[in-house]
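Participant: The following comprises the amino acid sequence and a computationally predicted model.
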Amino acid sequence: MGELSCGVKMKTNLMIQQIEDWLSGNCSKSWDLRMEGIAEDTAKRMIAVYFESKDELNTFKQALQEQKIQ
């Protein structure tokens, strides 16, 4: 397992399993997803996702923006 040197923290309505399924199917290097809580004001999940590869972080961000994770 390589060093998880980059990541993103975010709020989302997506289920953790949806995100994990996408990561498993689209990342060839190491990653880690951590549930950090629930935002009281919006009831969204607060998560942190860390990656070994900056390219995979960018691909993840693009997939979120284009709503490809379902």
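Facilitator: That came through fine. Numbers count the residues shown, from 1 in each chain.

Participant: Let me know the pLDDT of the most centrally placed residue in the chain.
Facilitator: For the chain, the residue nearest the mean C-alpha position is residue 49 (4.2 Å; CA atoms, centre = their mean). pLDDT, residue 49: 98.

Participant: Can you classify it by secondary structure?
Facilitator: Secondary structure, DSSP: H, G, I helix; E, B strand; the rest coil: residue 49 is strand.

Participant: Distance of it relative to residue 38?
Facilitator: Computed with CB to CB, to the nearest Å, the distance linking residue 49 and residue 38 is 17 Å. Just so you know, the C-beta spots here come from the backbone N, C-alpha and C atoms, and that holds for glycine as well.

Participant: just to revisit the earlier point, distance of the residue nearest to the centre of the chain from residue 5?
Facilitator: Taken as CB to CB, the span from residue 49 to residue 5 is 13 Å.

Participant: Just the element for residue 35, please.
Facilitator: Counting by DSSP states H and E, the element that carries residue 35 is strand 31-38.

Participant: Verify the contact between residue 11 and residue 41 for me.
Facilitator: No - using CB atoms under 8 Å, residue 11 makes no contact with residue 41, being 9.6 Å away.

Participant: The two: who's more crowded?
Facilitator: Counted by other CB atoms under 10 Å, residue 11 and residue 41 do not tie: residue 11 has more neighbours, with 15 against 6.

Participant: Return the per-residue confidence for the residue lying closest to that one once chain neighbours are set aside.
Facilitator: Closest residue to residue 11 apart from its sequence neighbours, by CB to CB, 6 or more residues apart in numbering: residue 44 at 4.0 Å. On the pLDDT scale, residue 44 is placed at 94.

Participant: where in this protein is pLDDT low?
Facilitator: Low-confidence segments of the chain (pLDDT under 70): 1.
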